[in-house]
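Asker: everything below, folded, please.
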Amino acid sequence: MTHLELCFFLDANCVNARQRVQALNELEQWRERGAITLIYSNTTHAEAAFGNPRREEKVSDFTWTELNESGENPEVHRAIEAILYPVGPKNQNEKNDVRAVYQAERLRWPLITLDGASKSQPGGILGRAAMLAKLGVEVLTPEQALSRVKARVESQVQNTGAKR
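Answerer: Down below sits the predicted model:
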């Protein structure tokens, strides 16, 4: 399998330790085949592994990246914080959300998350995806990311067939 040149950041809530989210299961299979890159930021990796042996074991199979301080853009960081938490983050988890979105923005990789856009959590990261997109941050559900992978595979199959 050739690499599809698709790279995604995973939010901590996408660790999927119990394998209940089918789209994440399929994305992980594409990753195992070497077709896509799924990576945690240092922030989401630490949060995903915290406090649960099953999650810790699962996340240990993934690599993570840590961005250095050079190139930091405090204005973008503040803009992301204002979108996610207009009155400011209340706790470390909310600060982690801001940091995770900021890290995705810096590398220009889509962030896959389950945070928000539901009846129990109407806001969250997904609920503010349109506002984040204006800053250049792409936020996807696992299903949206999987659709992108499948579309890329289909495109490559069509291009390969056309070259024959």
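Asker: identify the residues contacting the longest helix seen in the chain?
Answerer: Longest helix in the chain, counting residues (DSSP state H): helix 142-163. Helix 142-163 has contacts (Cβ atoms under 8 Å, 6 or more residues apart in numbering) with 2, 4-6, 8, 14, 21, 23-24, 26-27, 30, 35-36, 110, 112, 114, 140. C-beta here means a position set from N, CA and C on the backbone, and glycine is covered the same way.
Asker: same question, stretch 61-80
Answerer: Contacts of stretch 61-80 (Cβ under 8 Å, 6+ apart): 10, 38-42, 44-45, 98, 101-103, 105-107, 132, 135, 137.
Asker: out of those residues, which sit inside strands?
Answerer: Among those, the ones falling in strands (DSSP state E) are 10, 38, 39, 40, 41.
Asker: farthest-separated two in those residues?
Answerer: The span of the ones in strands among the contacts of stretch 61-80, defined through Cβ to Cβ, is set by 38 and 41 at 11.8 Å.
Asker: of these two, which one has the most company?
Answerer: Between residue 38 and residue 41, counted using other Cβ atoms under 10 Å, the more crowded position is residue 41 (27 against 21).
Asker: burial count for the residue lying closest to the more buried one once chain neighbours are set aside?
Answerer: In space, and not counting its chain neighbours, residue 41 is closest to residue 103: 4.1 Å by Cβ to Cβ, 6 or more residues apart in numbering. Residue 103 has 22 neighbours, counted by other Cβ under 10 Å.
Asker: OK, contacts around residue 103?
Answerer: Taking Cβ under 8 Å, 6+ apart, one finds 9, 41, 42, 43, 65, 67 in contact with residue 103.
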